[in-house]
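>>> Predicted structure and sequence below. I'll ask about it afterward.
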Amino acid sequence: MEEIDIVIVGGGIAGLATSLALLRKGIKSVVLEKSESVRSKGAAFGIQTNGWLALEQLGVADKLRLNSLPIHQIRDVLIEKGIKRRESVGPASYGEVRGVIRNDLVRALAHALPLGTLRLGCQIVSVKLDETMSFPIVHVKNGKDIKAKVLIGCDGWKSVVSGFLGLNPTKALGSRAVRGFTNYPDGH
């Protein structure tokens, strides 16, 4: 059985950023991701000033700025039950706001980690508690077990780690958002 100090389950934005933040403090971890490649669902999103400050701390902001688009103005429309309730148009915010392709962020985080930190194709089947030491034992689909001193769950809405902890299942949020981005170089 392999023994690792810190195991992070889930190689998406949360898992990769957590591993990178720990590394910036001199703490090594291993990220287990069930997918065979580094990828994320969804197209893109806007990152505002505080997000860019966090990305600076992780050391990936400059790389992401190369392919991101500055957002100078935002139009916000609230529609409830088919009726427009509010509309505002104004500057994006005070500070930096940019549109970032989701996979660019995931790849930047993954590439900033040392080789061997991210293990792709590593699907977690279950987590049990070691009876003698009370450390979590992660059972991987390939049959190998990993004993962790610390287990961090970043494995999304069907979380094996949450199930191990006995947390309530996730619930659907009652609101939705639709966002779009466009550019009119000659005005609109």
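Noted; the coordinates are in hand.

>>> Surely residue 34 touches residue 118?
No - applying C-beta atoms under 8 Å as the test, residue 34 and residue 118 come out as separate, 11.9 Å apart. Using the backbone N, CA and C atoms, a C-beta is placed for each residue, glycine as well.

>>> okay, those two: which has more neighbours?
Here residue 34 and residue 118 are set side by side on neighbour count (other C-beta atoms under 10 Å), and the busier one is residue 118, at 22 against 18.

>>> Which SSE is immediately downstream of the worst-scoring helix or strand of the chain on mean pLDDT?
Lowest by mean pLDDT, DSSP states H and E among the helices and strands of the chain is strand 83-91, with a mean of 73. For strand 83-91, the succeeding helix or strand toward the C-terminus, using DSSP states H and E, is strand 98-101.

>>> mean confidence score for that next one?
Throughout strand 98-101, pLDDT has a mean value of 90.

>>> And for that strand, what's in contact with it?
Contacts made with strand 98-101 from outside it, assessed by C-beta atoms under 8 Å, 6 or more residues apart in numbering, are listed as 43-47, 52, 64-65, 67-71, 181.

>>> Recalculate using a threshold of 6 Å.
For strand 98-101, contacts defined as C-beta atoms under 6 Å, 6 or more residues apart in numbering pick out 44, 46, 47, 64, 68, 69, 70, 71, 181.
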